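> sequence first, then the predicted structure, then my questions.
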Amino acid sequence: MEKLYRIFVAIDFSQRDKETLYQFAMKVKENSVKGNFTQKDNLHLTLAFIGETRKIKEAEEALQIGVKNSLVPPFTIETKKLGRFQNKGGDILWVGLTESPELIKLNEEITKSLRAEGFFIEEQKFKAHLTIGRGVVLQKEVTPEVLSSYLPKLSLPVNSVHLMKSERIAGKLKYSSLWEENLS
């Protein structure tokens, strides 16, 4: 029987950009009471979450078709601000990214091709964000607006899209690329 993988489609960033984003996340951590912060190598922008499946080849084919049908050339997205999804036990903190027409088209076509291949993809409006922490409680006097002033303005190049797997290795969450499709 084929192995069961937990997979998603994502835009990956250069090591230099990941380092810059990680340093910002560590500044946020310094101003937090608690939280689980994303490891540097796991920083990414999710385009579509697939979940657990054995259908890796089908996901690769759907990704390939979605990227091709999008007709999107390489482009850039920019960091905007620190945002949060509020939760009772601690918030999810994220870096907001510009939602360019290219990014929206890429998301739409990839989602459409994954659904056509039989994958269940949640029906929700796409919101371009990069999660930097979960279960985060900020210090009382600190707000996301204050921390946004520390966020570097980055132009992040988007040249390809990855089919990523998520796995626990020695107790740590690790994301790695199974397949990469270049933009045309």
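That came in fine, so what should we check first?
> which residue is nearest the centroid of the protein?
residue 45 (2.2 Å; CA atoms, centre = their mean).
> so what's that residue closest to, chain neighbours aside?
Nearest non-adjacent residue to residue 45, counting by CB to CB, 6 or more residues apart in numbering: residue 11, 4.3 Å away. C-beta coordinates here come from the backbone N, C-alpha and C atoms, glycine included.
> quick one, helices of this protein?
Secondary structure of the chain by DSSP state H: the helices cover 15-30, 56-70, 101-116, 144-148.
> how about the backbone phi and psi for residue 151?
The phi and psi values for residue 151, taken as degrees, to the nearest 10, are phi -70, psi 120.
> mind checking pLDDT for the residue nearest to residue 45?
Looking at residue 11, its pLDDT is 98.
> this protein: strands as residue ranges?
Ranges of strands within the chain are 5-12, 32-37, 44-53, 75-85, 91-97, 129-138, 155-158, 160-169, 172-182, based on DSSP state E.
> turn these into CSV, including distance to residue 60.
CSV is the format used below for those (distance: least, CB to CB, whole Å):
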stretch, distance to residue 60
strand 5-12, 10
strand 32-37, 30
strand 44-53, 11
strand 75-85, 23
strand 91-97, 25
strand 129-138, 24
strand 155-158, 19
strand 160-169, 6
strand 172-182, 5
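> nearest to residue 148, of the ones you listed?
Of all the strands of the chain, the one in closest proximity to residue 148, counting by CB to CB, is strand 75-85 (4.4 Å).
> low-confidence bits of this protein, can you list those?
Applying pLDDT under 70 to the chain flags the ranges 1.
> of all the helices of the chain, which lies closest to residue 184?
helix 56-70 (7.3 Å).
> now that closest one: buried residues?
By neighbour count with 16 or more other CB atoms under 10 Å, helix 56-70 contains the buried residues 56, 59, 60, 62, 63, 64, 65, 66, 67, 70.
> residues contacting the last one?
Spelled out, that is residue 70. When contacts are counted by CB atoms under 8 Å, 6 or more residues apart in numbering, residue 70 touches 105, 106, 108, 109, 110.
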